[in-house]
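[1] Just a sequence and a predicted model for now, questions to come.
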Amino acid sequence: MDVALKLADLEEVPEDSAIYVSGDNIRKALFGIDAGVSELMLAKQLGYDAVIAHHPPGGRALVNFPQVFKRHIQQMVSAGVPIEEARKAIRRKFETLRVEACTRNYTHATDVARLLGIPYLNIHTPLDEIGRKRMDMQIRKEVKDDFRVREIISALKELPEFQNALTDIKIAIGKPENLAGKIVVSHGAGTNGGYEVAKTYFKYGVGTLIYIHINPWDLEKLKTEIIEGKNLIVTGHIASDSVGINPFIRKLENRGVHVTTIGVVKG
């Protein structure tokens with residue numbers, strides 16, 4: 001966990017990440033973007049010393065997951081959105097996430113880990129923040145005043161995770177030849193901001209917004225309201241998660257931990 005926090009420049013463990021079963025002398029770890037009961041059983045059978053999940057599998061990280069959605073506020077303010085407008089933009093989806101959190105079976109996987117006696121943790125926002133910064137840096141090192149949407153995609157596709165993904169980077173709204181304008185990578189806040197966050201970014205001067213995913217209903221609503229020249233790029237969930245995961249995996253391996261991954265796009 002400390003390795004991930006340092007790579008992400010975070011001082012505290014976010015609400016959607018946690019250590020459920022502690023352990024030491026870990027030399028062989030199984031990492032899964034989604035790692036629950038079946039992965040815990042597999043790790044025990046194959047002799048792994050620990051299981052690391054990306055998405056919250058249970059415990060406080062699953063129950064408190066909605067709190068990290070508030071990170072959209074600071075990202076929006078950094079992009080020039082007034083703070084009250086940013087708070088308003090997250091309100092509906094934040095409440096939806098809070099209601100959904102009450103439906104989760106939050107002890108299932110963590111109880112299995114304790115019964116098996118296998119160290120178990122999940123690291124979500126720190127790895128997404130690593131990925132957000134890596135994607136943003138990749139664009140910034142190429143960007144010019146007359147940058148177009150197709151050139152953003154070309155820049156991102158230089159990252160091996162996007163080269164190796166089965167999914168492709170999509171222009172969900174806009175055209176390849178559109179000028180990019182102000183570019184924001186919206187990632188590392190639990191989940192995408194949906195319709196309200198995207199609309200607010202566009203209202204306050206963002207020309208091109210990058211989400212890693214968006215649900216169809218939010219996308220259709222955006223399409224009916226977005227003015228000409230605005231662009232939404234969707235990079236793909238698993239490939240984008242992998243952009244932040246792979247640097248973390250390499251850091252663990254540099255420290256002598258052998259890591260086997262499940263569901264991670266190679267990079």
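    Yep, that arrived. All figures in this text were calculated on a predicted structure; none of them were measured in a lab.

[2] I'd say residue 215 and residue 198 touch.
    No. The criterion here is C-beta atoms under 8 Å, and residue 215 misses it with residue 198 at 11.6 Å. All C-beta atoms are positioned from the backbone trio N, CA, C, and that covers glycine.

[3] okay, the two: which has more neighbours?
    residue 198 (28 against 11; other C-beta atoms under 10 Å).

[4] List the contacts of the more buried one.
    Each residue near residue 198 by C-beta atoms under 8 Å, 6 or more residues apart in numbering is listed here: 186, 209, 211, 214, 218, 222, 232.

[5] List the buried residues for the helix or strand encompassing it?
    Here residue 198 sits within helix 194-203, counting by DSSP states H and E. When burial is assessed from 16 or more other C-beta atoms under 10 Å, helix 194-203 yields the following buried residues: 194, 195, 196, 197, 198, 199, 200, 201, 202.

[6] again with stretch 103-115
    Residues of stretch 103-115 classed as buried by neighbour count (16+ other C-beta under 10 Å): 106, 109, 110, 112, 113.

[7] Grab the nearest non-local neighbour of residue 69.
    Counting by C-beta to C-beta, 6 or more residues apart in numbering, residue 69 lies nearest to residue 190, which is 4.5 Å off, once chain neighbours are set aside.

[8] Contact partners for the one you found?
    16, 65, 66, 68, 69, 71, 97, 124, 125.

[9] and it, what helix or strand is that in?
    Counting by DSSP H and E, no helix or strand carries residue 190.

[10] Over to it: give its phi and psi.
    The phi and psi values for residue 190, taken as degrees, to the nearest 10, are phi 90, psi -60.

[11] distance of it from residue 52?
    From residue 190 across to residue 52, the span is 18 Å (C-beta to C-beta, to the nearest Å).

[12] tell me the contacts of residue 164?
    Residue 164 touches 239, 265, 266, 267, counting by C-beta under 8 Å, 6+ apart.

[13] any idea how far residue 154 is from residue 208?
    Taking C-beta to C-beta, one finds residue 154 at 13 Å from residue 208.

[14] From the structure, what's the count of residues near residue 168?
    Burial of residue 168, expressed as a neighbour count using other C-beta under 10 Å, amounts to 12.

[15] wait, doesn't it sit right on residue 235?
    No. Checked against C-beta under 8 Å, the pair residue 168 and residue 235 is beyond contact range at 9.3 Å.

[16] ok, then the element right after the one helix or strand residue 112 maps to?
    Assigned by DSSP H and E, residue 112 falls within helix 108-116. Scanning the chain past helix 108-116 towards its C-terminal end, the next helix or strand to appear is strand 120-122 (assignment: DSSP H and E).

[17] How far away from the center of its chain is the helix or strand just after that next one?
    Using DSSP H and E, the helix or strand that follows strand 120-122 in sequence is helix 125-140. For helix 125-140, the distance between its averaged C-alpha position and the chain's averaged C-alpha position is 9 Å (C-alpha atoms, centre = their mean, to the nearest Å).

[18] and the contacts of residue 164, which two are the farthest apart?
    Using C-beta to C-beta, the two most remote members of the contacts of residue 164 are 239 and 266, lying 10.4 Å apart.

[19] In strands, which of the contacts of residue 190 fall?
    Using DSSP state E to define strands, no part of the contacts of residue 190 is located there.

[20] Reformat those residues as JSON lines; add pLDDT, distance to residue 139 and neighbour count.
    Listed next are the contacts of residue 190 as JSON lines, based on pLDDT from 0 to 100; distance: C-beta to C-beta, whole Å; neighbours: other C-beta atoms under 10 Å:
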{"residue": "16", "pLDDT": "97", "distance to residue 139": "25", "neighbour count": "27"}
{"residue": "65", "pLDDT": "95", "distance to residue 139": "28", "neighbour count": "25"}
{"residue": "66", "pLDDT": "95", "distance to residue 139": "29", "neighbour count": "21"}
{"residue": "68", "pLDDT": "97", "distance to residue 139": "23", "neighbour count": "22"}
{"residue": "69", "pLDDT": "97", "distance to residue 139": "24", "neighbour count": "22"}
{"residue": "71", "pLDDT": "97", "distance to residue 139": "20", "neighbour count": "22"}
{"residue": "97", "pLDDT": "94", "distance to residue 139": "28", "neighbour count": "17"}
{"residue": "124", "pLDDT": "98", "distance to residue 139": "23", "neighbour count": "25"}
{"residue": "125", "pLDDT": "98", "distance to residue 139": "21", "neighbour count": "27"}
